[in-house]
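Asks: From the sequence below, what's the structure:
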Amino acid sequence: MAGARRRLPLRIVAFAAAVAAAVATAVSGAAARSPAARPCYGQLLATVTNGIVRFCGPAQARLSVFPGAVFQNGTCVRERRFETQSLVIELGSRSLDNKRNRGFRYMHLSLWSAPRAAMGTITAYSKGKRWDGFLVTAYKRNTTAGRFVAQAAYSRKRISGSFRCLP
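Replies: Numbers count the residues shown, from 1 in each chain. Next comes the predicted model:
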C-alpha cells in the first residue's frame, strides 16, 4: 500500500480547523485594538478610541503662543459654496475635556474667504493650556500653506501662526 493515502479522523480535522479559526480571530482582534492598525475615516481623517479623536494626515501648524509646539497629524478640508471658500484644519488629538483636553496637543483652525472679506477662528491646546482666538489678517484663497495673525478671544493680545496642508 505504498500509494494509498492515510485519512485523518474527522474529529482531528475539525479540531485543527477550530484552532486555526481561534488563532486568526485573536490576531485580527489584537490588530483592531491597536491604534496604528485602525484606518482613518471620514472627510476629516480620524480614529476614535476611548472618547479621544485622533486626527491623521500630513498637515502641520504652529502658533507663537505655544513656542516650540508643532501641531501635526491632521487634515485640511476645503469647501466652496457660491463665492465663499472655507478651509478647516484639524490637528492632533481631541478629548471631551474642554478645559485642558487631557493634556493632548490639538488645534482647530477654520478659515472663510469671500470676495471682500476673510475671517477665521482658532482653538488650540498644548500641555493642558487652551487658547482661543480669531483671525485678523486675510487668508489667501486657494492656498495650501500660509501665515496669519490672530487675536485672543478675551484680550487684545495678538499672536502669529502658520499652517501647511500637504497632499
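
Asks: check contacts around the residue nearest to residue 101 when sequence neighbours are not counted.
Replies: Nearest residue to residue 101 in three dimensions, chain neighbours excluded: residue 125, at 3.9 Å (Cβ to Cβ, 6 or more residues apart in numbering). Glycine gets a C-beta too; all of them are placed from N, C-alpha and C. The contact partners of residue 125, taken as Cβ atoms under 8 Å, 6 or more residues apart in numbering, are 92, 100-101, 104-107, 131.

Asks: Return the member of those nearest to residue 73.
Replies: Among these, residue 92 lies closest to residue 73 (Cβ to Cβ), at 6.2 Å.

Asks: related to what we said a few turns ago, from the contacts of residue 125, which would you call buried?
Replies: The neighbour-count test (16 or more other Cβ atoms under 10 Å) marks 92, 101, 104-107, 131 as buried among these.

Asks: Quickly check those for the two that are furthest apart.
Replies: Every pair of the buried ones among the contacts of residue 125 checked by Cβ to Cβ; the farthest is 104 and 131, at 14.2 Å.

Asks: how about the helices in the chain?
Replies: Assigned by DSSP state H, the helices in the chain fall at 10-33.

Asks: In contact with the residue nearest to residue 106 when sequence neighbours are not counted, which residues?
Replies: Spatial nearest neighbour of residue 106, excluding adjacent residues (Cβ to Cβ, 6+ apart): residue 92 at 4.0 Å. By Cβ under 8 Å, 6+ apart, the contact list for residue 92 reads 54-55, 71-74, 104-107, 125.

Asks: ok, residue 92 to residue 137 distance?
Replies: Between residue 92 and residue 137 the computed distance is 23 Å (Cβ to Cβ, to the nearest Å).

Asks: do residue 116 as well
Replies: From residue 116 to residue 137 the distance is 15 Å (Cβ to Cβ).

Asks: Do a quick rundown of the strands in the protein.
Replies: Taking DSSP state E to define them, one finds strands in the chain at 46-49, 52-55, 59-63, 71-81, 84-94, 106-114, 117-126, 129-135, 145-152, 158-164.

Asks: What are the structural domain limits within the protein?
Replies: Taking automatic domain parsing as the domain assignment, the ranges for the chain are 8-37, 46-164.

Asks: May I see these arranged in TSV, with mean pLDDT as well?
Replies: Output for those, formatted as TSV (pLDDT from 0 to 100):
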stretch	mean pLDDT
domain 8-37	39
domain 46-164	87
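
Asks: tell me the most buried of these?
Replies: domain 46-164 (a mean of 17; mean count of other Cβ atoms under 10 Å).
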